[in-house]
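Enquirer: below are the sequence and a predicted model; questions follow.
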Amino acid sequence: MDTASAPPLAAPLDIAFDYTRSLGPVLGRFMTGLRDRRVLGARTADGRVHVPPLEYDPATHAPVTELVPVPPTGTVTSWTWTDRPLDGQPLERPFGWALIRLDGADTALLHAVDAGTRESMRTGMRVRIRWAAERSGHIRDIACFEPDAGPPHPPDDSTSGDPGTSSGAGANGELVTGITTPIRLSYTHTTSAEESRYLHALSEGRLLGQRCPACRKVYVPPRVCPADGVPTEEEVPVRDHGTVTTFCVVNVPFAGQRLDPPYVVAQVLLDGADIPIPHLILGEAGDVRMGMRVAAVWRDPATWSTTPENIAHFRPTGEPDAPYESYQEHL
Amino acid sequence: MNPAVAVIGFAQAPCRPSAGTTSGVETLVPLFHQALSAAHLDRREVDFWCSGSSDYLAGRAFSFVNAIDAIGAYPPICESHVEMDAAWAFYEAYVKILAGEAETALVYGFGKSSAGLLRRVLTLQLDPYVAAPLWPDSVSVAALQARLAIDAGLVTEQAMADVAARSRADASTNPYAQVSGQFTVDDLVATPYVADPLRAHDCAPVSDGAAALVLAAGERARRHRKRPAWISGVAHRVDPQGLGERDLTTVPSATAAAEAVALPADLDVAELHAPFTHQELLLRTALGLGDEVRINPSGGALCGNPMFSAGLARIGAAAEQVMSGQARRAAGHATSGPALQQNLICLLEARS
Amino acid sequence: MRRAAVLGTGQTQHQTRRTDVSMAGLCREAIDRALADAGVDWPQIDAVVLGKAPDLFEGVMMPELFLADALGAAGRPLLRVHTAGSVGGATGVVATSLVRAGIHHRVLAVAFEKQSESNAMWALSIQPPFTAPIGAGAGGYFAPHVRAYIRRSNAPEHVGAMVAVKDRRNGALNPYAHLRQPEITLNSVQASPMLWDPIRYDETCPSSDGACAMVIGDQAAAEASERPVAWIRATAMRTEPTYFAGKDHVNPRAGAEAAQALWQAAGITDPLTEVDVAEIYVPFSWFEPMWLENLGFAEAGHGWKLTESGETQIGGRLPVNPSGGVLCSNPIGASGMLRFAEAARQVMGRAGEHQVAGAKTALGHAYGGGSQFFSMWVVGDTPGR
């Protein structure tokens, strides 16, 4: 295969984590209210009521302490329409995004309106909260807003919510102190032409280095020479044997880990290369030492693809250790 | 007394729907060469390097670290990074030179906007407690602003289409543009909405790209460049984010920045970083630009919007206008955040 | 060059999970204390510079945008710095430049990390496609370099444990510290589990939520201050690539050159004699002797002797990390600024129980990435030259 002309490789990179957010006093009371089907606004020194609440007064910079209830009805101040909802949005059918000023509030809240059709949306339309059946103290306790035909509701109206007080903790339990927010994003990771050639060579069981035209050092994998800022060019085959320059024994489990500890991660200076690569040394962890000679253990060739994972790990060769002077420049 | 500071070189990568590696290194290497040769400067003569980029564009922590490889940073260099559009890296470099801590600087911005679904990635710029958990996308957020501007009688869908038509026509002579061509307003407003009231032409394309710009102080600038673009002022401000909290039809941070640099109404050219057509119209008012000011002769961000370098590229495009002698006074503008939350203005001029 | 000074500092209570506050609340705890310490009110703040490590830690892209109002930045210039682990220091340096350029009178510098919103190890372990799954964790990156240092310097094995004992006991004097362990001993450190051989559990930094803030002012602001200020004598930043052929991971040239530039700018010819106290970024105990050499306090290979002889304890020739340092509190993005702020507190005479008597000149130091980003400053009780 002519790897020199192969297009750069690309592959998916998905990242996902359920973030845990602590809320503090203002947002905590706000979320507690939502759980109890009540909306609380923050009143600032100038008398304005902010929904969603502000934690600090923009004029005085003082912490906001006063939260006041507002009704679950309001007016759309701006809107747009979404024909194809994206992952994570409040509704899976076409819906409107809107800025909604709740009755009694001086600012607007961003949320979804389940209006059915784009034609139903307009600035000034009256909407009311549709509460989620299951609520935990989260902005998504508001499932969405829906068109509302009725008149404005006074702030103490309780027809669509549980009766409650204006204090933080409602009748339904403890103050909400945190929320969980899943964040899942999908990316496409794209390699360089040099890295792609290296990966194609790996799929054939070869290790490919490239020499920097300026400093003449051989890089594995090939890359722009970080010391000189020029692409490496001349291809140099590199042996799958090398020397452990230094290492650590990983005894600790941690998030994102792929192996069960303990295992040894070593810097391996491949014969013919001028920069070590990190890799696993399997065998007796206690035997690994600086200067130890090692060789790559390849996986079954039938499973090879364009990935460094074709090399499962390195193993000791039993050769005499390399002298310290031979690798001390690479520490 | 602060030294005079000038832009003496600029280069950009072509804006393309998908180009380059996630790390940006391979795009940046030739770009540095172009910017430095335009400035007649060797890379070892750069006193300070500063970049702008975002980890969330690449989907990994410390994504900017890899880009340092493109510099060839050994022996070590003086360097810094902002997690912002590189226009703010430009500001940091400008400050370093003003403070007398550097005489020359190279500023760069990069990012592969196409690596993820950009309008969903940008959701993560919103308040993480009450807004981002609903996943409103950046185009819908801009649409809410556009609707408010239309309802307030500040813009019309025709005026927005007019901005798009002018930008695309201007971009026809810009080899770095991603979108260009001749369009009539009638044709454009006949197309369907993407996010009502925004149509496709109202929104910047998703662009991969990068930009690099070289700065120098006083005598150094004169020595290296025949006609430097002298910086008469740079200022930036930020507004509160709350989308229902502030008046989205005004841009106080842009107005304040313009006042801080005493932006004249009769500039020759203004390169505005407006990723949506209505935002250009709001910015012209906020900045107090007269009708005779030529807006975005490059085609602007509407014709190529490489995230985290598009703002720097506006400053670069404005500087090119001055360095080439086409303009005497030009302004470059950059924005960041949802609905024009943060804004920077740089005023450039020729001096004899 | 114009003069600049730290007018006041503030920091949060650092702990594993600050579940009592939001991100804004965390920042404001530090900011409000810094303003009070500086005797400065909001209208006097001209600009805000925020530093933080990767956005993936909190799951917010450029969180300074949503925080702008709570940080008091609305209507003002706001910069967001990110230079990996050195960012807290770099944020202080950028704020200093803004003052030295004559642009602002008073700048608020803030740095924070709310690690409990996610898991830093997860965020740092995201493996891009086409790379080998060689997950070693944060300590696993640095442990081989510690091993190389020990081999190169022939340092006795107990030096790392000595650093841990000193720093944790110092932390017990610091009411803001996350880990406060007055009872810790050499034996207990050496009995703690070996996590990343040769690094033991008690020799690693914790994962903390926390924030730090400083008000940096110009000469007029400093002279108007009713309380002592910390004059910024010099700043320095240097960068080199993460990996390159011939990189010295033990004694990186970027750190050494930053230090040389720093001492020269501060007019210091013999740092060990002229510097009274140092707050150095030591996330793993062995980095104390390594950085003592890199910074020029000791010849290469001899840094451990300063530690072993007790000279880096409070009362020694060069007290290092009297606050307890990163080994006691590690809100990553803020850790560097804490070093800078603690140095300032020492020369202002406001370091409380961990005050080094008579401290007139202090070093604040931070590093990040693969020992490649360095930021540092020297502060003093007088403006200097």
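Expert: Looks like it arrived, so ask away. Numbers count the residues shown, from 1 in each chain, chains lettered A, B, ... in the order given.
Enquirer: so how far is chain A from residue C:286?
Expert: Distance, residue C:286 to chain A, by CB to the nearest CB, to the nearest Å: 12 Å. Every C-beta, even on glycine, is put in place using the N, C-alpha and C of the backbone.
Enquirer: that residue contacts residue C:151, correct?
Expert: No - using CB atoms under 8 Å as the test, residue C:286 is too far from residue C:151 to be in contact (11.9 Å).
Enquirer: please parse chain A into its domains.
Expert: A:1-16+A:191-238, A:24-176, A:240-331 (automatic domain parsing).
Enquirer: about what we covered before: ok, residue C:286 and residue C:151, which is more surrounded?
Expert: Using other CB atoms under 10 Å in any protein chain shown as the criterion, residue C:286 and residue C:151 rank with residue C:286 on top: 29 against 16.
Enquirer: now for the closest residue to residue B:348 other than its chain neighbours, how many residues are close by?
Expert: Of all residues not flanking residue B:348 in the chain, residue B:229 sits nearest, at 4.3 Å (CB to CB, 6 or more residues apart in numbering or on different chains). For residue B:229, the neighbour count with other CB under 10 Å is 32.
Enquirer: before we move on, the earlier item: could the domains of chain A go into JSON lines alongside distance to chain C?
Expert: Formatted as JSON lines, the domains of chain A follow (distance: least, CB to the nearest CB, whole Å):
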{"stretch": "domain A:1-16+A:191-238", "distance to chain C": "3"}
{"stretch": "domain A:24-176", "distance to chain C": "4"}
{"stretch": "domain A:240-331", "distance to chain C": "3"}
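Enquirer: got those domains as TSV, with mean neighbour count, distance to residue C:90 and mean pLDDT columns?
Expert: Output for the domains of chain A, formatted as TSV (neighbours: other CB atoms under 10 Å in any protein chain shown; distance: least, CB to CB, whole Å; pLDDT from 0 to 100):
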stretch	mean neighbour count	distance to residue C:90	mean pLDDT
domain A:1-16+A:191-238	19	20	89
domain A:24-176	19	26	90
domain A:240-331	18	27	91
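Enquirer: before we move on, back to that, list the contacts of the residue nearest to residue B:348.
Expert: Counting by CB atoms under 8 Å, 6 or more residues apart in numbering or on different chains, residue B:229 touches B:6-8, B:318-323, B:330, B:348-350.
Enquirer: and these, which are buried?
Expert: Listed as buried from the contacts of residue B:229 are B:6-8, B:318-323, B:330, B:348-350; burial here means 16 or more other CB atoms under 10 Å in any protein chain shown.
Enquirer: quick one: furthest residue from the center of chain B?
Expert: residue B:75 (31.0 Å; CA atoms, centre = their mean).
Enquirer: just the ones in helices from the contacts of residue B:229, please.
Expert: Of the contacts of residue B:229, the ones assigned to helices by DSSP state H are B:318-323.
Enquirer: what segments of chain A are helices?
Expert: So, for chain A - with DSSP H - the helices run A:24-35, A:193-202.
Enquirer: would you mind writing the CA trace of the first one as CSV?
Expert: Looking back up the chat, that one is helix A:24-35. The C-alpha trace of helix A:24-35 is given here as CSV (Å, rounded to 0.1, in the frame of the first residue of the first chain):
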residue,chain,number,x,y,z
GLY,A,24,-24.9,28.2,47.0
PRO,A,25,-27.7,29.9,48.9
VAL,A,26,-29.5,31.7,46.0
LEU,A,27,-29.5,29.1,43.3
GLY,A,28,-30.1,26.5,46.0
ARG,A,29,-33.4,28.2,47.1
PHE,A,30,-34.3,28.8,43.4
MET,A,31,-33.9,25.1,42.5
THR,A,32,-35.7,24.0,45.7
GLY,A,33,-38.6,26.2,44.6
LEU,A,34,-38.7,24.5,41.2
ARG,A,35,-38.8,21.1,42.8
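Enquirer: partners of the helix or strand hosting residue B:345, with directions?
Expert: Using DSSP states H and E, residue B:345 falls within strand B:342-349. Next to strand B:342-349 in the sheet, as set by DSSP bridges, lie strand B:229-238 (antiparallel), strand B:329-336 (antiparallel).
Enquirer: most packed of those strands?
Expert: strand B:329-336 (a mean of 28; mean count of other CB atoms under 10 Å in any protein chain shown).
Enquirer: so what's residue B:286 closest to, chain neighbours aside?
Expert: That would be residue B:251: by CB to CB, 6+ apart, it lies 3.8 Å from residue B:286.
Enquirer: ok, the one you found - contacts?
Expert: Taking CB under 8 Å, 6+ apart, one finds B:239, B:282-283, B:286, B:340, B:343 in contact with residue B:251.
Enquirer: got a winner among these for most neighbours?
Expert: Busiest of the contacts of residue B:251 [other CB under 10 Å] is residue B:343, holding 30 neighbours.
Enquirer: just confirm that residue contacts residue B:237, I think it does.
Expert: Yes - at 6.4 Å, residue B:343 counts as touching residue B:237 under the criterion of CB under 8 Å.
Enquirer: overlap in contacts of the two?
Expert: B:253-254, B:257.
Enquirer: coming back round to it: mind telling me the two of the ones in helices among the contacts of residue B:229 farthest from one another?
Expert: Within the ones in helices among the contacts of residue B:229, two members stand farthest from each other by CB to CB: B:318 and B:323, at 9.8 Å.
Enquirer: in space, what's closest to the residue nearest the centre of chain B - neighbours in sequence excluded?
Expert: Centroid-nearest residue in chain B, with CA atoms, centre = their mean: residue B:311, separated by 1.0 Å. Among residues not flanking residue B:311 along the chain, residue B:334 sits closest, at 2.6 Å (CB to CB, 6+ apart).
Enquirer: bridging residues for that neighbour?
Expert: With DSSP bridges as the rule, residue B:334 is bridged to residue B:344.
Enquirer: my guess is it contacts residue B:273, does it?
Expert: Yes - Residue B:334 is within contact range of residue B:273, at 4.7 Å (criterion: CB under 8 Å).
Enquirer: overlap of the contact sets of those two?
Expert: Applying CB under 8 Å, 6+ apart, one finds that residue B:334 and residue B:273 are jointly contacted by B:85, B:87, B:310-311, B:314.
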